[in-house]
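**Q** got a predicted model here, sequence first, then my questions.
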Amino acid sequence: MQERLEISPQELDQRLNSGERVVILDVREPEEFAVAHIAGSVSIPMGSVPNELQRIEAFGDQGDLAVLCHHGVRSLNVTAWLRQRGIENCFSVAGGIDRWSLEVDSSVARY
């Protein structure tokens with residue numbers, strides 16, 4: 001049985017608040033990241049992910065990877081791609097930063 005690919009923004013928030021080591025990998029474009037991001041997240045645009053695979057693997061060694069985009073489509077694609085390359089501890093944040101802003105932290109700008 002395939003492990004689930006997504007976590008909810010609330011689950012990510014709970015894991016962060018509990019002190020669990022989670023690296024937030026934001027795969028949006030730099031101009032999107034500049035408008036809104038979660039503090040402490042790492043910006044690696046989707047198109048750069050293949051070239052940054054070793055760096056991403058190193059982040060995965062530090063803890064689970066929460067892959068984030070605007071609405072959850074790009075992050076789901078990146079998560080599936082990373083899983084195919086053996087990085088099993090990565091999850092797409094369902095609904096992306098937009099849902100994070102709506103349901104977890106309204107101080108994060110919506111666009």
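**A** Nice, thanks for sending it over.
**Q** centroid residue for the chain?
**A** residue 67 (1.8 Å; C-alpha atoms, centre = their mean).
**Q** and that residue, what does it touch?
**A** 25, 27, 75-76, 78-79, 82, 90-93 (C-beta atoms under 8 Å, 6 or more residues apart in numbering). Glycine gets a C-beta too; all of them are placed from N, C-alpha and C.
**Q** bridging residues for it?
**A** residue 25, residue 92 (DSSP bridges).
**Q** quick one: it and residue 55, what's the gap?
**A** 14 Å (C-beta to C-beta, to the nearest Å).
**Q** do the same with residue 70
**A** From residue 70 to residue 55 the distance is 22 Å (C-beta to C-beta).
**Q** tell me which of the two has more neighbours.
**A** Shown here are residue 70 and residue 55; by other C-beta atoms under 10 Å, residue 70 has more neighbours (21 against 14).
**Q** nearest residue to the more buried one other than its sequence neighbours?
**A** Closest residue to residue 70 in three dimensions, ignoring its sequence neighbours and counting by C-beta to C-beta, 6 or more residues apart in numbering: residue 96, at 4.8 Å.
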